[in-house]
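*Asks:* Sequence and computational prediction follow.
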Amino acid sequence: MLEGIPTGVALEGIEQTSDLHVEYRQSALDIQFTGDSASVTITPGSEPGPLSLVDGNGRILATTTIDAVPAWLSLLPAMAAISLALLFRQVILALFAGLLLGGWVLHGMSAGALVNAFGDSVNVHVLTAASDSDHMSIVLFCLLIGGMVGIISRNGGTRGIAERIARLIRGRRQAQNSTALLGLAIFFDDYANALIVGNTMRHITDRLNISRAKLAYLVDSTAAPVSAIMLVTTWIGFQVGLISEAMSEIDGWNESAYSVFVNAIPYNAYPLLALAFVFLVAWSGRDFGPMLKAERRALSEPASRSTISNRESIVEEADIPTKEGIPTRAFNAIVPMIVLVTITLGGIYYTGLSALGGGEHDLRDIFGEGDSFSSMMWGSLAACVVAVVLTQAQRLMSMTETAHYWFEGVKSMLLPITILMMAWALANVNEALHTSDFLVSALGDSLAPQWLPAVIFALAGFTAFATGSSWGVMGIMMPLVVPLAWAVLSHHGLAGTAEGMPLLYASVAGVLAGAVWGDHCSPLAETTLLAAMASGCDLIDHVRTQLPYALLVGAVALAFGSLAVGYGISWWLGLIGGVICLMAVLFTVGQRATAGFQPKESPEPSSTPHT
């Protein structure tokens, strides 16, 4: 229990007709009966004291000692995880340190308690997270979809999609628009997106004298944003798992985690506006700041190339190359992806309709009652099977090679799954320490509901920028933010109301949107490194040229997204206003790189991209 934080204590084995009360710190407290359960709410003091069950004659029937810990200690695990992630940029080690400190507080903060906490970190907290059936559904979904990505990358399916788009390119504007469209087409994984799009389009953009910094921006700003908001991607299982864990602490909110994610998509202002700005830049041909200088340098010195710094060597190699000598057919990737999306969404619809007992129901109600965990497993398993069947039917790879690259795809998901497990375990520790109760007590009166989305978005963005890990930030913040937002709204009588639910969805979206924003600004982010690598651009050049664009979109998303929703403006009006603002800035300060001089002639791009 925490000092000064009202806490409910359950009483067992008593009847409502009994003449009983509870005494604590020389005060008599009435027992609250709800159905078959009985409880009393106490506010622990700083000194240990007895809590007693007393009958009408003053006899003590049962007693226990309340020894509360300082309330601020409940923040220690989460704050330690964030601080260490900022300092050492190692999210897994930071999460483990948070588990260790949380266990130390739970065991009494003695020297021996540290040994017990070390054992409990894996044996209790991580094991508890791993033994949850919903958690394992998410893990299996991530592994299966990773295996599917491994197969369709190797059998030429993803490259076939890239080649279809590349054949239509005839000029600088078409090249940039095609790069952005290809980023949308390869939506299922941000790593695969960055590597495939960058390597495929680099040869074409080089021939058209488009700077590699510009290519890296187009790649980076379509990779994470599109993966974060599409209905079925490698990100979705991670996000749904975190939301489900956070919602488990909340009474009175029965919506499914997948439904919460879908309802939060319109409030993800930064990913949506980042995608819109990519197409505005590509369509208008205008740039500003360091990007404009890079574009003009590429036009005047077409032979110049950016060099790759040694920094990229810290990123785990995630590319699975297309097998040499086989035909690259787009349908080998398109068909499994259609199967994945169709069966997953169909499964959610079917299970939701069954839960409602059939009949006529609103689509949102059906999806809200659907079993998203089972549906995602059905869809990912079916997609893997279809990818294997297509590969074997065309004899593109042997069965042994197909299995090998399925495992290669599975291996690429081990890092995010490890982060996810550690985040689940830290959420269990935070629940045991009543962290959300302390935050509610500290911020419930001072933090206005209207500011919730903006504060969460800014905090997530700063943390992601400093750590370079959007997934790590989501893992640390989501289990804290969702209960806090619900409690703040409940304190103001808005929880579950038509006025309050948009604020709740915007708060959930704020974690994701802020994580993507910080990821785009950070030189430490893995997608930033991968985009620079795949585009052949120096990492610092990429960050320096992209940073003004990311900061502009982030500021507009904060004003027209988070703050606007907080003060009752519809999300679609905010997005329209944000797009208009971005257009105004781009056409006011932006210039065409080709204005003022004639670029050197360049040959037409090859119809076959090189990787």
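*Replies:* Sure thing, it's come through.
*Asks:* Output the below-cut-off pLDDT ranges for the stretch 351-500 of the chain.
*Replies:* Scanning the stretch 351-500 of the chain with the threshold set as pLDDT under 70 gives 364-365, 368, 436-437, 439-446, 466-468.
*Asks:* how about the helices of it, start to end?
*Replies:* All helices of the stretch 351-500 of the chain, identified by DSSP state H, counting those that start in this stretch, fall at 363-369, 372-393, 399-411, 414-432, 435-443, 452-467, 470-491.
*Asks:* Next, the angle helix 399-411 makes with the second one.
*Replies:* Between helix 372-393 and helix 399-411, the angle formed by their directions is 150 degrees, by axes from the mean of the first three to the mean of the last three C-alpha atoms, to 10 degrees.
*Asks:* Give the buried residues for helix 372-393.
*Replies:* 372-384, 386-388, 390-391 (16 or more other C-beta atoms under 10 Å). Bear in mind the C-beta positions are built from the backbone N, C-alpha and C, glycine included.
*Asks:* And for the helix or strand where G577 lies, what's in contact with it?
*Replies:* With elements delineated by DSSP states H and E, G577 resides in helix 571-589, which encompasses its position. Taking C-beta atoms under 8 Å, 6 or more residues apart in numbering as the criterion, the residues outside helix 571-589 that touch it are 266-267, 269, 272-273, 276-277, 280-281, 284, 286, 288, 502, 506, 552-553, 556-557, 559-561, 564-565.
*Asks:* If we use 7 Å, what do you get?
*Replies:* Residues outside helix 571-589 that contact it (C-beta atoms under 7 Å, 6 or more residues apart in numbering): 266-267, 269, 272-273, 276-277, 280-281, 284, 286, 288, 552-553, 556-557, 560-561, 564-565.
*Asks:* Please pick the buried ones from those residues.
*Replies:* For those, a neighbour count by 16+ other C-beta under 10 Å gives the buried set as 266-267, 269, 272-273, 276-277, 280-281, 286, 288, 552-553, 556-557, 560-561, 564-565.
*Asks:* what's the closest of the helices of the stretch 351-500 of the chain to L114?
*Replies:* Among these, the nearest to L114 by C-beta to C-beta is helix 414-432 (14.6 Å).
*Asks:* quick check: domain ranges of the protein?
*Replies:* 7-68, 73-131 (automatic domain parsing).
*Asks:* Mean neighbour count, mean pLDDT and distance to V482 for these - can I get that in CSV?
*Replies:* Shown next, in CSV, are the domains of the chain (neighbours: other C-beta atoms under 10 Å; pLDDT from 0 to 100; distance: least, C-beta to C-beta, whole Å):
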stretch, mean neighbour count, mean pLDDT, distance to V482
domain 7-68, 13, 84, 20
domain 73-131, 18, 84, 13
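*Asks:* returning to what we had before: now, the contacts of helix 571-589 that are in strands?
*Replies:* Counting by DSSP state E, the part of the contacts of helix 571-589 found in strands is R286.
*Asks:* Let's have the domains of the chain in CSV, adding distance to E360.
*Replies:* As requested, these are arranged in CSV below (distance: least, C-beta to C-beta, whole Å):
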stretch, distance to E360
domain 7-68, 33
domain 73-131, 39
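*Asks:* How about the contacts made by F407?
*Replies:* Shown in contact with F407 (C-beta under 7 Å, 6+ apart): no residues.
*Asks:* roughly how far apart are it and I151?
*Replies:* When distance is defined by C-beta to C-beta, to the nearest Å, F407 is 10 Å away from I151.
*Asks:* among the domains of the chain, which is nearest A166?
*Replies:* When these are ranked by proximity to A166, the top entry is domain 73-131, at 35.8 Å, counting by C-beta to C-beta.
*Asks:* and the end-to-end length of the closest one?
*Replies:* With C-alpha to C-alpha, to the nearest Å applied, domain 73-131 spans 27 Å between its terminal residues.
*Asks:* go on, stretch 256-269?
*Replies:* Taking C-alpha to C-alpha, the first and last residues of stretch 256-269 lie 22 Å apart.
*Asks:* Which residues does it contact?
*Replies:* In this structure, residues lying in contact with stretch 256-269 by C-beta under 7 Å, 6+ apart are 228-229, 236, 239-240, 243-244, 247, 348, 367-370, 372, 505-506, 508-509, 512-513, 557, 560-562, 565, 571, 574-575, 578.
*Asks:* Three-state assignment for V54, please.
*Replies:* Following DSSP: H, G, I helix; E, B strand; the rest coil, the label given to V54 is strand.
*Asks:* Okay, and the beta partners of it?
*Replies:* Taking DSSP bridges, one obtains H21, I60 as the residues bridged to V54.
*Asks:* related to what we said a few turns ago, with G4 as the reference, name the closest of the helices of the stretch 351-500 of the chain.
*Replies:* helix 435-443 (7.2 Å).
*Asks:* tilt between the helix or strand hosting L195 and helix 399-411?
*Replies:* For L195, the enclosing helix or strand under DSSP H and E is helix 190-207. Orientation check (the same axes, to 10 degrees): helix 190-207 against helix 399-411 gives 100 degrees.
*Asks:* Next, the angle from helix 190-207 to helix 470-491.
*Replies:* Per the same axes, to 10 degrees, the angle that helix 190-207 makes with helix 470-491 is 120 degrees.
*Asks:* ok, S470 - contacts?
*Replies:* Neighbouring residues of S470 by C-beta under 7 Å, 6+ apart: 224, 464, 515-516, 518-519, 525.
*Asks:* Tell me the spacing between it and H520.
*Replies:* The value you get for S470 to H520, if C-beta to C-beta is used, is 9 Å.
*Asks:* Please identify the helix or strand for V40.
*Replies:* Assessed by DSSP H and E, V40 sits inside strand 37-42.
*Asks:* List the neighbouring strands of that strand plus their orientation.
*Replies:* Strand 37-42 has the following strand partners under DSSP bridges: strand 7-11 (antiparallel), strand 32-34 (antiparallel).
*Asks:* Compare those and give me the one nearest S300.
*Replies:* Across the strands paired with strand 37-42, S300 has its closest neighbour in strand 7-11 (68.7 Å, C-beta to C-beta).
*Asks:* Just give me how far stretch 200-209 sits from the chain centre.
*Replies:* With C-alpha atoms, centre = their mean, to the nearest Å as the basis, the distance from the averaged C-alpha position of stretch 200-209 to the chain average is 31 Å.
*Asks:* Return it as PDB; C-alpha atoms alone will do.
*Replies:* Taking Å, rounded to 0.1, in the frame of the first residue of the first chain, the C-alpha atoms of stretch 200-209 are listed here in PDB:
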ATOM      1  CA  THR A 200      14.500  -0.800 -55.000                       C
ATOM      2  CA  MET A 201      14.100   2.900 -55.700                       C
ATOM      3  CA  ARG A 202      17.700   4.000 -55.200                       C
ATOM      4  CA  HIS A 203      18.900   3.200 -58.700                       C
ATOM      5  CA  ILE A 204      16.000   5.000 -60.200                       C
ATOM      6  CA  THR A 205      16.200   8.100 -58.100                       C
ATOM      7  CA  ASP A 206      20.000   8.300 -58.700                       C
ATOM      8  CA  ARG A 207      19.400   8.400 -62.500                       C
ATOM      9  CA  LEU A 208      16.900  11.200 -62.000                       C
ATOM     10  CA  ASN A 209      19.300  13.200 -59.800                       C
END
